[in-house]
Each structure stands twice: as structure tokens, then as C-alpha cells.
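Asks: this one's sequence-less:
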């Protein structure tokens, strides 16, 4: 199934993201995460793509195949052009197709200073266009409610997003954000610009002060006052912050669904217990 077809039912799509185990861990360790996620019945699971070389990228393919064929959940494999040239893209797509995986998330990706970037595709829209013109994969792309860090302004960011959609992206997944009003304003800009494909809201639960500060520095998401109060009050109390962060994510998601969002994409950080807790608290809301 192509993922954009999931959005034709009228229900809010609920999906999850996992990442490959560290190089020092066996790929089989992902089973613990997937065993926990299958119980919440996500509509699909995406698998991130490493910038650390071909072995990491083949692990992405392997995990996507496990999700698709052993757990019978639609899988979406991330694919970044900063880490893969045309020949590598062709090989990965051929492997995914042989494994029965039908969907990819086409990204530029973050540059790893220790790994020279590939240059066949300089931007994600070029990768989207290439995949759509040479294969029958469902192709998704990323979007940034507060603008990409490298965009000069929000208008330019929307123009580039429109270029990805015009190149063939059928579904968008947003970067994490913590203020729903930022997302709703972003949606309005997209629709005014003629971007009509389904857009999922990316939600990452705040589980520790250090991890969220690191993510914010990487993606540029802002911290609203409500969240900074939580960090200030509970930042030195890990269990309390974990509980408050999960509650914050649940509140975000319930408000987004009430606002008619197309879908929720939960960044699980390979923590199935947190994902189950969030999904369990929203079970009645998700069924509407």
C-alpha cells in the first residue's frame, strides 16, 4: 500500500518512527522495539537512514523489510541524498522492492563531517523527482513548521516545500515542534501555496532535558513558555520530567486531532513503552 492512500479514509493517521541500532548492537535488537509498537497498531512505521555508510543504510532496508513482512505493518524507509549517490539509490530501491517495501521518505539529510557528502542529488526535490521518474514507490518528504534552519525566511521555505511536492512527493511528515499554533499557521501557509498533499504532525515526547536541548539545537524548534516551565520545574527530576513530557505530548496530540490534522507521526526514540503509554491515552480519540 502506498502511504498517501491511508489518508483517504477520513481518520487521523497514526504512525511511528524507529531508528537502526548502533553499529555495536545487532540488528535483532530492534525486535524489542517493534514487539512493543505492534500492540498500538500504527498505520505505518518509518525507519531512519544513517549517514554513516552503506552498512548503516542496508540496516535501514533490513529493518523496513522486517516491519513489512514479519509484522505486516506498512514500512517507510528513509533515504538521504547526502549519503547516497545515484548508483546507491538505485541499489537500495531495488533491494526495498525485492523486500516488498513500497514507500520511502526522500530527504537531503544532515551532513556528517566525517563522511564526504554525495553530490548526485543536491536537494531533496531532486531525489524525489528521480525516484518518481524511475520507480513506482510511494514517495514522502519532510517539512518544517518553523522553517528549515538553512532557509532565509518562511516564504522561501514554503516555496522549496512546494518544489518537493511538485516533484512528486505525495505525503509530508513534519519536523518536531512543541507549539501547535506554529503547526496550524504552517498548514495555512501550505494550503495558500497550493500544497494539498496530506501533512503529518511530528511529535517527540520530552523525556529528558539534555536530549530535548540537543534536538532543539539540531532542528531549530522553539520552546514555548509552557514547556520551558516544565523543564525549569522538573529538569533535575528525571522521572517527574518524563511524566510531564508524556502528558505534554498527549495534550499536543489531542489538540492536533481536534484541529483536524491529517496524521500524527510519533518520534519514538525506540522507546516502545512511552509510545504505548501515549497511544493508550489516545485510544478513544484515535478511533473517531
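Replies: Here it is on my side, so go on. Keep in mind the model is a prediction, meaning the values are calculated, not measured.
Asks: can you give me the strands in this protein?
Replies: Here the chain has its strands, by DSSP state E, at 13-18, 44-47, 75-80, 103-107, 138-143, 171-176, 199-203, 263-267.
Asks: what's the local residue count around residue 113?
Replies: The local packing count at residue 113 equals 6, with neighbours defined by other C-beta atoms under 10 Å. Every C-beta, even on glycine, is put in place using the N, C-alpha and C of the backbone.
Asks: same thing with residue 274?
Replies: Taking other C-beta under 10 Å as the criterion, the count of residues near residue 274 is 19.
Asks: how about it, what does it touch?
Replies: Contacts of residue 274 were listed using C-beta atoms under 8 Å, 6 or more residues apart in numbering, and they are 205, 207, 246, 268.
Asks: quick one: which of those is nearest residue 134?
Replies: The closest of the contacts of residue 274 to residue 134 turns out to be residue 268 (C-beta to C-beta; 31.3 Å).
Asks: how much space separates the residue nearest to the closest one when sequence neighbours are not counted from residue 85?
Replies: Counting by C-beta to C-beta, 6 or more residues apart in numbering, the nearest residue to residue 268 once its immediate chain neighbours are dropped is residue 275, at 4.6 Å. Remark: distance between residue 275 and residue 85 (C-beta to C-beta, to the nearest Å) = 34 Å.
Asks: low-confidence bits of the stretch 51-200 of the chain, can you list those?
Replies: 51-57 (pLDDT under 70).
Asks: apply 50 and report the result again.
Replies: Applying pLDDT under 50 to the predicted model, the residue ranges of the stretch 51-200 of the chain that meet it are 51-56.
Asks: buried set for the top helix by length along the chain?
Replies: As far as residue count goes, and with DSSP state H defining each element, the longest helix of the chain is helix 238-258. Neighbour-count burial for helix 238-258, with 16 or more other C-beta atoms under 10 Å as criterion, is recorded at 241-242, 244-250, 252-253, 256-257.
Asks: same thing with stretch 140-157?
Replies: Residues 140, 141, 142, 143, 144, 145, 146, 147, 148, 151, 154, 157 are the ones in stretch 140-157 that count as buried (16+ other C-beta under 10 Å).
Asks: and the residue nearest to residue 249 when sequence neighbours are not counted, how far from residue 253?
Replies: The shortest distance from residue 249 to any non-neighbouring residue, by C-beta to C-beta, 6+ apart, is to residue 205 (4.1 Å). Look at residue 205 and residue 253: by C-beta to C-beta, they are 10 Å apart.
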